[in-house]
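**Q** Prediction below, plus the sequence it came from.
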Amino acid sequence: MRSQSRRGECYDNAQAESLWSRLKTEVLEGREWPVFADLADAQTSVADYFDYYNCDRLHSSIGYHTPYHTHQQLLQTTALNCPA
């Protein structure tokens with residue numbers, strides 16, 4: 001697979017690489033082969049993980065909150081600071 005980063009810029013895809021690493025560690029490595037029964041099972045499993053990752057999993061980089069909670073706080077702050 002061709003890299004999507006710029007030459008010499010190892011941090012271009014850091015967030016995507018981190019998410020992929022967590023997905024592999026928390027979902028894929030715990031399963032027996034074959035990992036998924038079919039494509040629909042794979043899609044459902046990944047979608048469920050993304051829901052967990054964004055709405056339930058605490059992230060140390062954002063003060064042990066969920067991305068969803070942090071996003072909601074940002075929306076409230078932005079709405080309060082927006083001139084009418």
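**A** That came in fine, so what should we check first?
**Q** Pull the contacting residues for the residue positioned nearest the centre of the chain.
**A** Using C-alpha atoms, centre = their mean, the residue of the chain that lies closest to the mean C-alpha position is L19, 4.8 Å off. Contact partners of L19, counting by C-beta atoms under 8 Å, 6 or more residues apart in numbering, are Y53. Any C-beta I mention is one placed from the backbone N, CA and C, and that applies to glycine too.
**Q** That one and G30, how far apart?
**A** Here the distance between L19 and G30 works out to 17 Å (C-beta to C-beta, to the nearest Å).
**Q** So which bits of the lengthiest helix in the chain are buried?
**A** Looking across the chain with DSSP state H, the single longest helix is helix 39-55. Applying a neighbour-count criterion of 16 or more other C-beta atoms under 10 Å, the buried positions in helix 39-55 are 45, 49, 53.
**Q** For the first one, list the residues it contacts.
**A** Shown here is S45, whose contacts under the criterion C-beta under 8 Å, 6+ apart are 27, 36.
**Q** That one and Q73: what is the separation?
**A** Computed with C-beta to C-beta, the distance linking S45 and Q73 is 29 Å.
**Q** what about the protein, any weak spots by pLDDT?
**A** Filtered on pLDDT under 70, the chain yields the residue ranges 1-5, 10, 84.
**Q** any chance you could map the helices in it?
**A** When assigned using DSSP H, the helices of the chain occupy the ranges 14-23, 39-55, 67-81.
**Q** In CSV, list these along with distance to S61.
**A** Listed next are the helices of the chain as CSV, based on distance: least, C-beta to C-beta, whole Å:
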stretch, distance to S61
helix 14-23, 9
helix 39-55, 13
helix 67-81, 10
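**Q** Quick check: which of those helices is nearest to R6?
**A** When the helices of the chain are compared by C-beta to C-beta, helix 14-23 sits nearest R6, at 12.7 Å.
**Q** List the buried residues for that closest one?
**A** Within helix 14-23, the residues that qualify as buried are L23, counting by 16+ other C-beta under 10 Å.
**Q** Helix 39-55 and that helix, what's the angle between them?
**A** In terms of direction (axes from the mean of the first three to the mean of the last three C-alpha atoms, to 10 degrees), helix 14-23 departs from helix 39-55 by 110 degrees.
**Q** Cool, thanks, talk later.
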